[in-house]
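Enquirer: Give me a model of this one.
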Amino acid sequence: MTPSSTPRVAVFGCGYWGRNVVRNFYGLGALGAVVDPTESGRAAAAQLAPGVPVYSDPEAAFSRSDLHAIVLATPASTHANLGLRALDAGKDLLVEKPMTLTVAEGRQLVARAAATQRMLHVGHLLEYHPSFLKLREWVSNGRLGKILRLHSHRLGFGLVRTEEDALWSLAPHDLALVLRVMGDLPEAVTCHGTHALGQPRADFAVSLLHFSGGVDAHLLSSWLHPMKEQKFVVVGDRGMAVFDDANPDYKLAYFEQHVTWKDGQPGLHKGPVSYEPLVPAEPLRLECAAFLQAVATRQPSLTDGLSGLRVVAVLDACRRSMESGGLRTRVESV
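Expert: Model (predicted):
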């Protein structure tokens, strides 16, 4: 993509995460405007992107014909309304995770994007992480063998949100990875949440995703934990992989270990551990570039609207399970 053909985008939201989004689109030469209702957000945008127009009113960006796309780095509760307005204004759309807070709203966004022939992309940036792409390659070429189980931990002492719980705030990243590895939705989920901080939003959630064939995925999500942990583990019958995004020395490891059976008795094969070299690339920059490519070529991105809707469907099933006290709950088809 040449600089002259680079689509121009407006980023809505220049807060905790939006500042990273603004920085990356500015670095890619694609930032045409920033919209933020707060004075602090507008001041941050002016500093991060000198010379780029900054607005307080979304309509200022919707009405500009030279802007091809809208990027929503706003609270999840605003995604459906702002997303529909962007699509109706003829803009392509990138929505940060979670895409919406209900399946119905997600379906509406996907349908409106199709009706208006606009590109819809969801911000599951870890799917663009070079280490996860390598892990997917191992799954595809059979290095891990048959998938037996998946684990994902996203824990830390981080931003405590009031508009969404720890499940909806943290788990979308991990659910996107699980669904990409499995290639399908789980049949059902089981989810428990706790409220140690005393607020109505759960600050810890443990989720079990039950796939056909007996494969389970186990997710832990919490912003009330003393240590930062971001691990995604895939256990196969030939080997195991650990994608550890919080490790500064390596991100992806392969464990040549598995269980063998002889005369009905299990045996442990413990081979060496190998580490993939670090790839010096920022996943968010790769994701932003993928969105611009989708806008320019009119070809759906890896994390399109349907993939975002699948994640919302699993999150919604987890919510219903949590509210029922942890009952096994079927995932709504999308």
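
Enquirer: contacts, neighbours, all on C-alpha from now
Expert: Noted.

Enquirer: domain ranges for this protein?
Expert: Domain segmentation of the chain under automatic domain parsing yields 3-123+283-304, 127-279+314-330.

Enquirer: So which of these has the densest surroundings on average?
Expert: Mean neighbours per residue, mean count of other C-alpha atoms under 10 Å, is largest over the domains of the chain for domain 3-123+283-304, with a mean of 20.

Enquirer: still on that earlier bit, now the domains of the chain as CSV including mean pLDDT?
Expert: Converted to CSV, those look like this (pLDDT from 0 to 100):
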stretch, mean pLDDT
domain 3-123+283-304, 97
domain 127-279+314-330, 95
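
Enquirer: Now name the helix or strand holding Ala61.
Expert: Taking DSSP states H and E as the definition, Ala61 sits inside helix 59-62.

Enquirer: so after that helix, what's the next helix or strand?
Expert: Toward the C-terminus, helix 59-62 is succeeded by strand 69-72 as the next helix or strand (DSSP H and E).

Enquirer: contacting residues around whatever helix or strand comes next after that next one?
Expert: Sequence-wise, the next helix or strand downstream of strand 69-72 (DSSP H and E) is helix 79-88. For helix 79-88, contacts defined as C-alpha atoms under 8 Å, 6 or more residues apart in numbering pick out 62, 69-70, 72, 92-93, 95, 99-100, 105-106, 109, 112-113, 116, 118.

Enquirer: Show me which of the residues you listed is closest to Cys14.
Expert: Nearest to Cys14 among the contacts of helix 79-88, counting by C-alpha to C-alpha, is Leu72 at 9.8 Å.

Enquirer: Grab the most central residue of this structure for me.
Expert: His124 (2.6 Å; C-alpha atoms, centre = their mean).

Enquirer: how far away is that one from Leu170?
Expert: 11 Å (C-alpha to C-alpha, to the nearest Å).

Enquirer: same question, Arg64
Expert: Note on Arg64: its distance to Leu170, by C-alpha to C-alpha, is 34 Å.

Enquirer: Repeat that for Val206.
Expert: Val206 is 12 Å from Leu170, by C-alpha to C-alpha.

Enquirer: residues shared between the contacts of those two?
Expert: Listed contacts common to Val206 and Leu170 are Ser221; contacts here mean C-alpha under 8 Å, 6+ apart.

Enquirer: before we move on, the earlier item: narrow the contacts of helix 79-88 to those in helices?
Expert: Judged by DSSP state H, these include Phe62, Glu105, Gly106, Leu109, Arg112, Ala113, Thr116 as members of helices.
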